[in-house]
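> what's the 3D shape of this:
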Amino acid sequence: LGTQPGTAAFICSLQSVVVALMAARSGAGVARATWLAVALSVAGVACLELPSALSGGGAAFCVGDLIALGQPVGFGLSYVVLEEAMADHPDDELP
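Next comes the predicted model:
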């Protein structure tokens with residue numbers, strides 16, 4: 001599908017962005033420290049993974065990148081859904 005491993009690793013690291021955006025959208029509010037942590041984590045992964053992906057000379061964006069984008073969206077949304085479920089059913093948590 002044409003996705004470079006470094007690009008896929010970077011895209012998959014975006015789950016923290018999805019969780020923060022969904023928390024902000026739900027009205028829960030997101031602290032500045034959280035946004036700073038999200039920015040630092042994405043920047044760190046970008047420094048580690050993107051140089052090798054960009055030097056590979058692959059296409060700027062491909063179908064595989066779009067498929068890889070499903071991972072942070074799905075995984076990030078699962079955190080939000082799980083948090084809401086635990087708030088609705090606090091007695092169902094594991095000891």
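> enumerate every residue touching the nearest residue to V19 once chain neighbours are set aside.
Nearest residue to V19, sequence neighbours excluded (C-beta to C-beta, 6 or more residues apart in numbering): G76, at 4.6 Å. Using the backbone N, CA and C atoms, a C-beta is placed for each residue, glycine as well. When contacts are counted by C-beta atoms under 8 Å, 6 or more residues apart in numbering, G76 is found next to 14-19, 22.
> tell me what whichever strand or helix holds G6 is packed against?
Assigned by DSSP states H and E, G6 belongs to helix 5-12. Counting contacts by 3 or more C-beta pairs under 8 Å, 6 or more residues apart in numbering; DSSP states H and E, helix 5-12 packs against helix 32-55, helix 63-68, helix 70-88.
> and with 6 Å instead?
Taking 3 or more C-beta pairs under 6 Å, 6 or more residues apart in numbering; DSSP states H and E as contact, the helices and strands that helix 5-12 lies on are helix 32-55.
> look at the residue nearest the centre of the chain and report its pLDDT.
For the chain, Q15 is the residue whose C-alpha lies nearest the centre (C-alpha atoms, centre = their mean; 1.4 Å). Looking at Q15, its pLDDT reads 86.
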